[in-house]
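# Next input, structure requested:
(2 chains)
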Amino acid sequence: MSLLEIENLSLEIGDTPILKNIDLSIAPGEVMGLVGESGSGKSMTALAVMRLLPHDARADGRVTFDGIDILAAPEAAMCRLRGDDIGMVFQEPMTALNPVKTIGEQVAEGIRWHTGANRADAEARARAMLERVGLPERQFPLTRYPHELSGGQRQRVVIAIACALKPKLLIADEPTTALDVVLQAQILDLLRELVDENRMSLLLISHDLAVVAEMTDRVTIIRQGTVMEAGETARVLSRQEHPYTRQLAEASTHVPARARAPGRAAGAEPLLKVEGLTRDYPVRRASLFSPARTFRAVDGVSFALGGGQSMALVGRSGCGKSTLARMVLALDRPTSGSIRFLGEEIGARSADELRVARRNMQPVFQDPYGSFDPRQKVERLVAEPLHLLDGKPDGARRRELVAEALEQVGLAPSDMEKYPHEFSGGQRQRLAIARAIITRPKLIVADEPVSALDVSIRAQILDLFADLRDRLGVAYLFITHDLTVARAITETVMVMHEGRIVEAGPTETVLGNPQTEPAKALVAAAPDLQRALERRLVRSAG
Amino acid sequence: MSLDPVFMPAPERHVLRKALENRSFLVGLVITALVAVTALVSFVWTPYDITRLSVANRMLSLSAEHPFGTDHMGRDILSMIMIGARNSIAVAIVAVGIGMGIGVPLGAWAAARGGWTDEVLMRVNDVVFAFPALLSAVMITAVFGPGAVNAIIAIGIFNVPVFARVARAGALSLWPREFILAARAAGKGKALITVEHILPNIASVLLVQGTIQFALAILAEAGLSYLGLGTQPPMPSWGRMLFDAQTRIAVAPHLALFPGLAIVITVLGLNLLGDGLRDVLDPRLRRQR
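This is a model prediction of the structure:
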């Protein structure tokens, strides 16, 4: 007897079909993974179970939860169900909490509403629940507000709210996608413990096969609103019988085929040389009279990067990776230390003196939506760095250069007439790369360039990076929290922790045999499909 | 993985279609266009010449010859309202122009520079904001003498902080965005980035604010003229027509009714237009519906 039974569920929003004949069932105490890429309908399936669909959505089929016909139940019955027997954890802990209510109130709210408990009782239960998710009252009083907590702690609060009433089913929609790998491992552990303790069922929605392999008993893989394959996780992911499953698995462990990186010419000055780089930020004073304090985001960082080399900078969120990248790009000024690029100091130069350096050094950012001015056409956007050339190219020459850059990243020259919103996420990241290579730079600084992309798109973009290096001889500094990206495309890696470089060396050596605690933590927490499957097979055999 | 774009404008043709489907935008547009056409027509034709007084025909009630009646000097009220529309619109255009022309650069500059520049500019702004606008306009016209030009300047000055604030808030939310970082990495200076990226992206907010300030400027002009500090005779103004009507309201209520209606309808039309524009141009509001 299954707890949740979805039969033949179809969903349309307006005239657009979103889901087609979805079948899915979850037994009590079972962990089910729902895997798919952006727009595949994962989240809509979850919202259909909660009946929190957009107004113009039309659902057909049957959804039965614990004997209740969800699609036909009156709204009042659904209100009783949501947050009581079905809990939900969302992707973005920042927006899933009410910023003006304390965490204690937010956990107690659901308890009071569903059980009619009085304030004191509800608070006591909230206290116990927060303690259970790893936020003991001594360190995290109930009177804290969400903004006083870190991302991982906030996600713990969201889980506390969802699990406060011991739901029969917990739906977790990409619960760790916004977190770094170490936090991800902690949150996943917590979810697994809660599932075991309460014999709770879990519907885990994820795009990450490694996470799903690690966590779930059974898995359902959907694409464009249709179930591609379903079955026991270990069997589905190790046999990879369905072509789409294989495609996903290959993409998530993809390593671009590449030529060997050119050896560094001995004695030559490296392309980029950073020494003793430090950046302090002023911290807002607690009161008018307390002394001004500073926060050291980057602390005495030194490294060198040779021409045509690629280097990864890995670390947990908030460790100072992006601040370092901005200083290298001369978008932020160092407090002290030196950055030499092409033999010239760039730390404290005027905008005019930086033109040569900027021409040879371009950024690629994480967010393919935020990287482009939504009101300009591709031609202008991609041509933007041409501003740095001494003789500005005329209109025809400019179009020629843009067309060439677009072709190099696998887009058509005719795309220059379009606006950025007419492209998909992966195509937009190609546009960002086209913009970065149009001045033929020697260095590209890429800040989490693939972490917002689906696995199959991510594989294509990594291939593109590798390909461009072979053709154009450009060096890369990749900033990432994803070790598979570092493994796939870089020769050397630096591990950053609390503003310092704690470990550096060849990628295989550092990630294969980490020496320092922060590096070990990162490597241990990084999800790995192969390892997860092996562990799973051992477990089921034993 | 579900990626929710923060800001995704639809293609321009969608905006146009949305605009035509939006009821308040359409109604607002029609009313505003009607007032504008009336004002334009008044340049070439009015039913009567309003400089010619005719005591015999004073305070006539509504008739086929004088659809809105005549005033205490026998002038045709319809003709006066038509010319008054011209006056109101001219005052509002110039006043909003002053506000935008000074306020938007100030706000954008404050956002681009940050730090002390921002702090000082915005505190000065707050001071100007803190004065009741109409009272200060009364003071300005009292010192420099009444007249349409001084009224325009007074109203314009009080539009400056409104536009400065809106422009600054919009620009501040854009500066940390990645496309601005990319533009900086392309070596573009703050002024150039402001012109190329910031202003086009806050134009829609400014446009909406513009229509609201336009309505407020018409009201302010009517208020000043009512007090005798705005447009001077013989140039007719809706505000002064109200003032002239007030002592005779028991005898001839239509003297107050029509200029009053003209003000109300114009302001209503502009507000509807502004609301509609906001709905049409703000992609977040649009998606919710």
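# going forward, measure contacts and count neighbours with C-alpha atoms only.
Fine.
# Around chain A, pick out the residues from the stretch 51-200 of chain B.
Neighbours of chain A within the stretch 51-200 of chain B, by C-alpha under 8 Å from any C-alpha of the partner chain: B:177-189, B:197, B:200.
# mind listing what the closest residue in space to residue B:80 that isn't next to it in sequence touches?
Of all residues not flanking residue B:80 in the chain, residue B:236 sits nearest, at 5.9 Å (C-alpha to C-alpha, 6 or more residues apart in numbering or on different chains). Going by C-alpha atoms under 8 Å, 6 or more residues apart in numbering or on different chains, residue B:236 touches B:80, B:81, B:83, B:84, B:87.
# The second one touches residue B:235, doesn't it?
Read that as residue B:81. No: Residue B:81 is beyond contact range of residue B:235, at 10.9 Å (criterion: C-alpha atoms under 8 Å).
# which one of these two has more residues nearby?
Comparing residue B:81 with residue B:235 by neighbour count (other C-alpha atoms under 10 Å in any protein chain shown), the higher total belongs to residue B:81, at 24 against 14.
# helices or strands up against the helix or strand hosting that one?
Using DSSP states H and E, residue B:81 sits within helix B:77-113. The contact analysis (3 or more C-alpha pairs under 8 Å, 6 or more residues apart in numbering or on different chains; DSSP states H and E) places helix B:77-113 against helix B:23-44, helix B:115-130, helix B:148-174, helix B:199-226, helix B:238-246, helix B:254-281.
# Wondering if the last one reaches chain A at all.
Same thing as helix B:254-281. No: Helix B:254-281 stays clear of chain A (C-alpha under 8 Å from any C-alpha), getting no nearer than 12.6 Å.
# Which strands and helices lie in contact with that helix?
helix B:12-21, helix B:23-44, helix B:77-113, helix B:199-226, helix B:238-246, helix B:283-288.
# try the second one
Contacting helix B:115-130 under the criterion 3+ C-alpha pairs under 8 Å, 6+ apart are the following elements: helix B:77-113, helix B:148-174.
# What of the fourth one?
Under the contact definition 3+ C-alpha pairs under 8 Å, 6+ apart, helix B:199-226 sits against helix B:77-113, helix B:133-144, helix B:148-174, helix B:238-246, helix B:254-281.
# and the angle from that helix to helix B:238-246?
20 degrees (axes from the mean of the first three to the mean of the last three C-alpha atoms, to 10 degrees).
# Run through the residues that contact the most centrally placed residue in chain B.
Nearest to the centroid of the C-alpha atoms of chain B, with distances taken as C-alpha atoms, centre = their mean, sits residue B:214, at 0.4 Å. Residues near residue B:214 by C-alpha under 8 Å, 6+ apart: B:92, B:93, B:96, B:270.
# What is the burial count for the first one?
It refers to residue B:92. 24.
# now do the third one
Residues contacting residue B:96 under the criterion other C-alpha under 10 Å number 29.
# try the one 3 residues further on
Neighbouring residues of residue B:99 were enumerated by other C-alpha under 10 Å; the total is 24.
# and it, how far is that from residue B:145?
Here the criterion is C-alpha to C-alpha, to the nearest Å. By it, residue B:99 lies 21 Å from residue B:145.
# what sits against the closest residue to residue A:242 other than its chain neighbours?
Taking C-alpha to C-alpha, 6+ apart as the measure, residue A:242 lies nearest to residue A:229, with 6.7 Å between them; neighbours along the chain are not counted. Taking C-alpha under 8 Å, 6+ apart, we find residue A:229 in contact with A:220, A:221, A:222, A:236, A:242, A:245.
# of these, buried ones?
Among the contacts of residue A:229, those classed as buried by 16 or more other C-alpha atoms under 10 Å in any protein chain shown are A:220, A:221, A:222, A:236, A:245.
# What is the most widely separated pair among those residues?
A:222 and A:236 (13.0 Å; C-alpha to C-alpha).
# which SS class is residue A:6?
Under DSSP: H, G, I helix; E, B strand; the rest coil, residue A:6 falls in the strand class.
# so what's it up against?
Neighbours of residue A:6 in contact, by C-alpha under 8 Å, 6+ apart: A:22, A:23, A:24, A:25, A:61, A:62, A:63, A:64.
# Most neighbours of all the residues you listed, which one?
Using other C-alpha under 10 Å as the neighbour test, the contacts of residue A:6 are led by residue A:63, with 25 neighbours.
# which element is that one on?
strand A:57-65.
# Give the residue spans of the stretch 251-400 of chain A that score low on pLDDT.
Residue ranges of the stretch 251-400 of chain A with pLDDT under 70: A:258-268, A:285-288.
# Could you list the contact residues of it toward chain B?
By C-alpha under 8 Å from any C-alpha, the residues of the stretch 251-400 of chain A that approach chain B are A:329-331, A:351, A:354-355, A:358-359, A:362-363, A:365, A:367, A:369-375, A:384-388.
# Take the helices and strands packed on helix B:254-281 and write them to CSV, including mean pLDDT.
Output for the helices and strands packed on helix B:254-281, formatted as CSV (pLDDT from 0 to 100):
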stretch, mean pLDDT
helix B:12-21, 71
helix B:23-44, 90
helix B:77-113, 91
helix B:199-226, 87
helix B:238-246, 85
helix B:283-288, 46
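# Tell me which of those helices sits nearest to residue A:470.
helix B:199-226 (38.0 Å).
# Between helix B:254-281 and that closest one, find me the angle.
Interaxial angle, helix B:199-226 versus helix B:254-281 (the same axes, to 10 degrees): 170 degrees.
# Okay, buried residues for helix B:199-226 please.
Neighbour-count burial for helix B:199-226 flags B:199, B:201-202, B:204-226 (criterion: 16+ other C-alpha under 10 Å).
# Run the chain-centre distance for it.
3 Å (C-alpha atoms, centre = their mean, to the nearest Å).
# Now do that helix and helix B:133-144, the angle between them.
60 degrees.
# that older thread, restricted to strands, list the buried ones among the contacts of residue A:229.
Counting by DSSP state E, the part of those found in strands is A:220, A:221, A:222.
# Rebuild those residues as TSV, extending it with distance to chain B.
Formatted as TSV, those follow (distance: C-alpha to the nearest C-alpha, whole Å):
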residue	distance to chain B
A:220	15
A:221	13
A:222	12
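# Flag the shaky bits of the stretch 51-200 of chain B, pLDDT-wise.
The model of the stretch 51-200 of chain B has no residue with pLDDT under 70.
# I'd guessed residue A:476 sits against residue A:325; true?
No: here residue A:476 does not reach residue A:325: they are 11.5 Å apart, not a contact under C-alpha under 8 Å.
# Tell me which strands the strand holding residue A:63 pairs with, and in which orientation.
strand A:4-13 (antiparallel), strand A:68-69 (antiparallel) (DSSP bridges).
# Whichever helix or strand comes after the shortest one: which residues count as buried?
If I follow you right, that is strand A:68-69. For strand A:68-69, the following helix or strand on the C-terminal side (DSSP H and E) is helix A:75-81. Of the residues in helix A:75-81, A:78, A:81 count as buried by neighbour count, 16+ other C-alpha under 10 Å.
# Kindly provide the whole-number mean pLDDT of whichever helix or strand comes after helix A:75-81.
Next helix or strand after helix A:75-81 toward the C-terminus (DSSP H and E): strand A:86-89. Strand A:86-89 carries an average pLDDT of 91.
# can you list the residues that contact strand A:86-89?
With C-alpha under 8 Å, 6+ apart as the test, strand A:86-89 has contacts from A:50, A:158-159, A:161-163, A:167-173, A:175.
# next one: stretch B:169-183
Outside stretch B:169-183, the residues within contact range by C-alpha under 8 Å, 6+ apart are A:331, A:363, A:365, A:367, A:370-373, A:384-385, B:107-108, B:111-112, B:193, B:197-199, B:202, B:205.
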